[in-house]
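**Q** Following is a predicted model, sequence given first.
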Amino acid sequence: MNEGDDPFKFATRMILASVVALVLLLLAAVVALGLLVGGAWAHSFYDAECCSSVDCEPIAADLVRVEGGDYVLPTGDRIPMDQARRSRDRDFHWCRKLNENPRPLIRLDGKLACFYAPQGDM
């Protein structure tokens, strides 16, 4: 504060600067939270009987081949196109055990638990 400054104006500027800083901090927190929550909700369509959101993940489309009415995965597994579940985004998704290495596909009663394909590819 300069000697010629009015103490009231100085205090007002300090309060205004604090409010602006607080608003910017809150805005940054909201954006960060949105990114975290957005990532968590991104694949909330995984069915619980498959693997919930625990073991499912996207698989790059260039790793999935279509051959004779089946989707062929890089593991060699074949999924008939009519047995693939509908992906609610534009990606393929598969369920693999995330806590094992190598990461095997999850099987229920000897069949693949779940495989999701984009709607345009079904």
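**A** Done, it's in.
**Q** how about residue 58, secondary structure?
**A** With DSSP: H, G, I helix; E, B strand; the rest coil as the basis, residue 58 sits in strand.
**Q** Could you double-check that it sits in contact with residue 95?
**A** No. Counting by C-beta atoms under 8 Å, residue 58 stays clear of residue 95, with 11.4 Å between them. For the C-beta atoms, the positions are set from N, CA and C on the backbone; glycine is no exception.
**Q** neighbour-wise, which of the two wins?
**A** Between residue 58 and residue 95, residue 95 has the larger neighbour count (other C-beta atoms under 10 Å), namely 23 against 15.
**Q** can you pull the contacts of the more buried one?
**A** Residues near residue 95 by C-beta atoms under 8 Å, 6 or more residues apart in numbering: 46, 50-51, 55-57, 105-106, 112-115.
**Q** what about the closest residue in space to it that isn't next to it in sequence, neighbour count?
**A** Once flanking residues are discounted, residue 95 sits nearest to residue 51: 3.9 Å by C-beta to C-beta, 6 or more residues apart in numbering. By other C-beta under 10 Å, 22 other residues sit near residue 51.
**Q** what do you get for residue 21?
**A** When neighbours are counted by other C-beta under 10 Å, residue 21 comes out with 10.
**Q** So what does it look like in phi/psi?
**A** Per-residue torsions, residue 21: phi -60, psi -40 (degrees, to the nearest 10).
**Q** again, but for residue 93
**A** Dihedral angles (degrees, to the nearest 10) for residue 93: phi -140, psi 150.
**Q** List the residues that contact it.
**A** 43, 46, 56-59, 87, 114-116.
**Q** Name the residues linked to it by a beta bridge.
**A** residue 58, residue 116 (DSSP bridges).
**Q** Helices along the chain, start to end?
**A** With helices called from DSSP state H, the chain shows them at 7-41.
**Q** Domains in the protein, by residue range?
**A** 1-41, 56-121 (automatic domain parsing).
**Q** now, of the ones you listed, which is deepest in the fold?
**A** domain 56-121 (a mean of 15; mean count of other C-beta atoms under 10 Å).
**Q** Can you pull out the low-pLDDT segments for this structure?
**A** Within the chain, the stretches with pLDDT under 70 are 1-5, 29-44, 52-53, 108, 113, 120-122.
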